[in-house]
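# Sharing a model prediction with you, sequence too.
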Amino acid sequence: MEKQEYTITLYTENSIGMIGRISTIFSRRKINIESLNTSPSEVEGIHRFTIVISESEEVVRKLCRQIEKQVEVLKAYYNTNDELVWQEQALYKVPADVIAEKAYVERLLRQYGASAVVIRNDYIVFETAGHREEIDRLTAELTKYNLIEFVRGARIAIIKESAGFHQKLKEFEQQEPSPDVVENEFLDQQDEVFTM
Amino acid sequence: MSTLEKTQLEKETVTTTQLSGSQAVLEALLQEGVDTIFGYPGGAIMPIYDALYDYNEKLKHILVRHEQGGIHAAQGYARTSGKVGVAFATSGPGATNLVTGLADAMIDSNPIVCVTGQVFAALLGTDAFQETDVINITTPVTKWNYQVTDANEIPEVMAKAFYIARTGRPGPVLVDITKNAQLQLFDFLGYSKCNHIRSYRPKPVVRNEYITQAAEVINQAKKPFVLFGQGVILGKAEAEFKAFIEKGGFPAAWTVMGLSALETEHPLNVGMLGMHGNYAPNVMTNECDVLIAIGMRFDDRVTGRLDKYAKQAKIVHLDIDPAEIDKNVKTAVPVWGDCKETLPALTALLQQNDHSAWVAEFRELEKEEIKEVIQDELNPTTDIMTMGEVLKTLNELTNGDAIIVTDVGQHQMVTCRYAKFNSSRSNVTSGGLGTMGFGLPAAIGAWYGAPHRDVVAIIGDGGIQMTIQELGTIMQFGAKVKILILNNEFLGMVRQWQQLFHQKRYSFVDITSPDFVAVAKGYYIDGNKISERKDLKTALKTMLDHDGAYLLEVMVGKENNVFPMVAQGTSVSEIRLK
């Protein structure tokens, strides 16, 4: 099965050690986490993890089930990029004289929607947000002009189809378990073996 | 009068409901119905042991000789009693010694609560004496763990620990309590058991459409075949399971962990699955048209080569853990849920059926296995004793009523293959992790979990030497465990593999043993050693009749192999008879 980029969105209790618990599920299977963001969610007291990995859907599905076994995890979703609105943020520190002297660089920054965060005599810090490829292209361009420092943040993503976690949480707070267990899409499909 | 009130009256100093954290831990154990603790004291857990001094009449504490022995004993207790096993250990080395047992309990789904002491909260992270990051060490081998630094948390955390350990797919839980929290006095507001955690779904909801689909698939089957695992035992669904296979007339084979859920002599019991399982169930896995897997997880030792495993069959998988469905083997119909609920629902939709011609095909293959393997194993024609004949003779004496505990290796496979069982919760073994050294301490726990039954621990000459110190526990507390050492003077299973797959290059498998009978005698435990067939029955009978623990060492063939065998990387249908 083809590997592709998947974004895993987790809703968890906000308890100590969650990052460790989650990350061992990946590291145990020698799967590299490309990006990991933790943040509050739309629901007070519920934490949201956004994790990006490149794997086949089969592996991602199994990972999500293993993650959901963790006592403090409420729900794990996984999505492909076209099911998401997503952004990554980047900061660039560029020498001030390059900006002053080279009009091209200024044009470049405008073109990528970068805006100045700090302006000093010696350097200027720009920030931009967008998809990975855009950030990578800008980084490659700026590297030619004495880019001093660069950092990119973890992906944050909104699931297009999601109606938020409020409704789901009500189900979780009830004492009977949620009927939302997975699909039966494999009826009579016996031709492939999956191992993880 | 409640225990709490008694405690207060006895102390007569406390008029409010103030308790120490340590007392709260023990109150929690009483409220959860715990009667036995396996543990070992040390610096960081001393306040709990101090409190235990006053609870001695209500909570039996078994002082083991090593923390690994403590947790294996708790596992044995859990397996025979069906209750949560409890182990205590101190911080640092005490806690790290639990890790093997936690991993074993995790993979075999044993309900265990471990309480470990920890250094004062103020010292956390300072490399204090006997400080170890127990929470992070045990995270991958526990169902849940938690570090308590404030006594006020203790009632709620203990309630959660027991709830998580015993519900859904059971597993081990570890509660690490800093010394200050153990000592701290706090207002104890009473103990209430936990029955809901927002983020935790112990059981998936049973979905009727899957039950209906499963019933349709099963009713149309010409060659249905049932595989069952420990889920049937953990779900306390032995009766429901039997009703299911009897109504459908399905042949049923078991995994090592499912052993004893169905009595050996049941006409539909067609034997053991997997690497050293029986011939018929392995071959028929690739012949059946519908494979019904109940409370088992398609371990690689059961499936052999996955891409040649039951490809012709529609697979119906009943399991309480959604992560097990489609993990190793693709399912046609997933039946989520507790088999205590799903099996009766499914049975109700079954047509009464009789597949006796199909079952007879299993019996035909069984004849081949009897001819090629079992006959010689149980009735050897040479003077050399086999493990199989020891089991046969033991069966004649116990009549299948004993609890049989094993260690790991050849003797374990032979025992699972040949031991006879009449009732559930009678087989205790380390299935998933394959922990050598499990047998002796697990047998001690198994006896405390079912003190009125005979407990026979069958152990190899290698495994016994890993945890032999637990003879001291037997000596001190009098567990009436019968220890049957099958001594082949080798690490037999590894030797068998070296013979078959490494050109007989025997690399560090010849293990010498002490005089086990003398060692037992040193612990004031009676024993005997035999090496001739004529003494076997009498020696076994003496062991079983002895009132108290007993050690019997039986010398068996040095280079006997366990067959049949599904070699690693081959298909179950390529099972070798020799």
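Yep, it's here. Treat the numbers as computed from the prediction; the structure is a model and nothing was measured.
# Next, name the residue at the spatial heart of chain A.
Centroid-nearest residue in chain A: A:Arg155, 3.3 Å away (criterion: Cα atoms, centre = their mean).
# Does that one touch A:Thr50 like I think?
Yes - under the criterion of Cβ atoms under 8 Å, A:Arg155 makes contact with A:Thr50 at 5.9 Å. Every C-beta, even on glycine, is put in place using the N, C-alpha and C of the backbone.
# which residues are in contact with both of the two?
Counting by Cβ atoms under 8 Å, 6 or more residues apart in numbering or on different chains, the contacts common to A:Arg155 and A:Thr50 are A:7, A:35, A:37.
# Of the residues you listed, which belong to strands?
A:7, A:35, A:37 (DSSP state E).
# Just give me the neighbour total for B:Gly477.
No, residue B:477 isn't Gly; it's Phe. Look at B:Phe477: counted by other Cβ atoms under 10 Å in any protein chain shown, it has 16 neighbours.
# Kindly report the same for A:Val118.
11.
# That one belongs to a helix?
No - judged by DSSP: H, G, I helix; E, B strand; the rest coil, A:Val118 forms no part of a helix; its state is strand.
# What helix or strand is the nearest residue to it once chain neighbours are set aside located in?
Nearest residue to A:Val118, sequence neighbours excluded (Cβ to Cβ, 6 or more residues apart in numbering or on different chains): A:Val125, at 4.2 Å. Using DSSP states H and E, A:Val125 maps to strand A:123-130.
# Now do the buried residues in that strand.
Of all the residues in strand A:123-130, those buried under the rule 16 or more other Cβ atoms under 10 Å in any protein chain shown are A:123-126, A:128-130.
# Can you give the strand pairings for that strand, parallel or anti for each?
In the sheet, strand A:123-130 lines up against strand A:84-95 (antiparallel), strand A:115-119 (antiparallel) (DSSP bridges).
# downstream neighbour of the longest one in the secondary structure list?
For strand A:84-95, the following helix or strand on the C-terminal side (DSSP H and E) is helix A:96-101.
# mind listing the helices for chain A?
Counting by DSSP state H, chain A has helices at residues A:18-27, A:57-68, A:96-101, A:103-111, A:132-143, A:166-173.
# Any idea which residue of chain A lies closest to chain B?
Residue nearest to chain B within chain A (Cβ to the nearest Cβ): A:Arg65, separated by 3.9 Å.
# What pLDDT is listed against the residue lying closest to that residue once chain neighbours are set aside?
Leaving aside its sequence neighbours, A:Arg65 sits nearest to B:Ala323 (Cβ to Cβ, 6+ apart; 3.9 Å). For B:Ala323, the pLDDT comes out at 94.
# I'd say B:Ala323 and A:Arg61 touch.
No - with contact defined as Cβ under 8 Å, B:Ala323 does not count as touching A:Arg61 (10.0 Å).
# ok, and B:Thr100, which helix or strand is that part of?
Per DSSP H and E: helix B:99-107 holds B:Thr100.
# what about A:Pro40, neighbour count?
11.
# which residues does it contact?
A:Pro40 is in contact with A:46-48, counting by Cβ under 8 Å, 6+ apart.
# Apply 6 Å and report the result again.
Contacts for A:Pro40 (Cβ atoms under 6 Å, 6 or more residues apart in numbering or on different chains) come out as none.
# Residue numbers of the stretch 451-578 of chain B in contact with chain A?
On the criterion Cβ under 6 Å from any Cβ of the partner chain, chain A has no neighbours in the stretch 451-578 of chain B.
# could you pull out the helices for the stretch 451-578 of chain B?
B:471-477, B:492-501, B:516-522, B:536-545 (DSSP state H, counting those that start in this stretch).
# what residues does the first one touch?
Going back to what we said before, that points to helix B:471-477. B:62, B:64-65, B:444, B:481, B:523-524, B:549.
# Low-confidence stretches in the stretch 1-150 of chain B?
B:1-16 (pLDDT under 70).
# how near is the nearest residue to B:Ala89 once chain neighbours are set aside to B:Pro441?
Of all residues not flanking B:Ala89 in the chain, B:Glu67 sits nearest, at 4.4 Å (Cβ to Cβ, 6+ apart). Using Cβ to Cβ, to the nearest Å, B:Glu67 is found at 10 Å from B:Pro441.
# Between these two, point out the one with more neighbours.
More crowded of B:Glu67 and B:Pro441, by other Cβ under 10 Å: B:Pro441, with 32 against 27.
# Quick check: that one is in a helix.
Yes - assessed by three-state DSSP, B:Pro441 belongs to a helix.
# returning to that earlier point: and the residue nearest to B:Ala89, backbone torsions?
phi -60, psi -30 (degrees, to the nearest 10).
# wait, it sits on B:Gly39?
No - the criterion here is Cβ atoms under 6 Å, and B:Glu67 misses it with B:Gly39 at 8.0 Å.
# For chain A, what's its nearest residue on the stretch 1-150 of chain B.
B:Trp144 (4.6 Å).
# same thing with the stretch 251-400 of chain B?
Closest point on the stretch 251-400 of chain B to chain A, by Cβ to the nearest Cβ, is B:Ala323, at 3.9 Å.
# so that residue touches A:Gln66, yeah?
Yes - in this structure, B:Ala323 is within contact of A:Gln66 by Cβ under 6 Å, at 5.4 Å.
# so what are the domain limits for chain A?
For chain A, automatic domain parsing gives the domain ranges A:4-84+A:156-173, A:87-152.
# Check the offset of the last one from the chain's centre.
This means domain A:87-152. How far domain A:87-152 lies from its chain's middle: 22 Å, per Cα atoms, centre = their mean, to the nearest Å.
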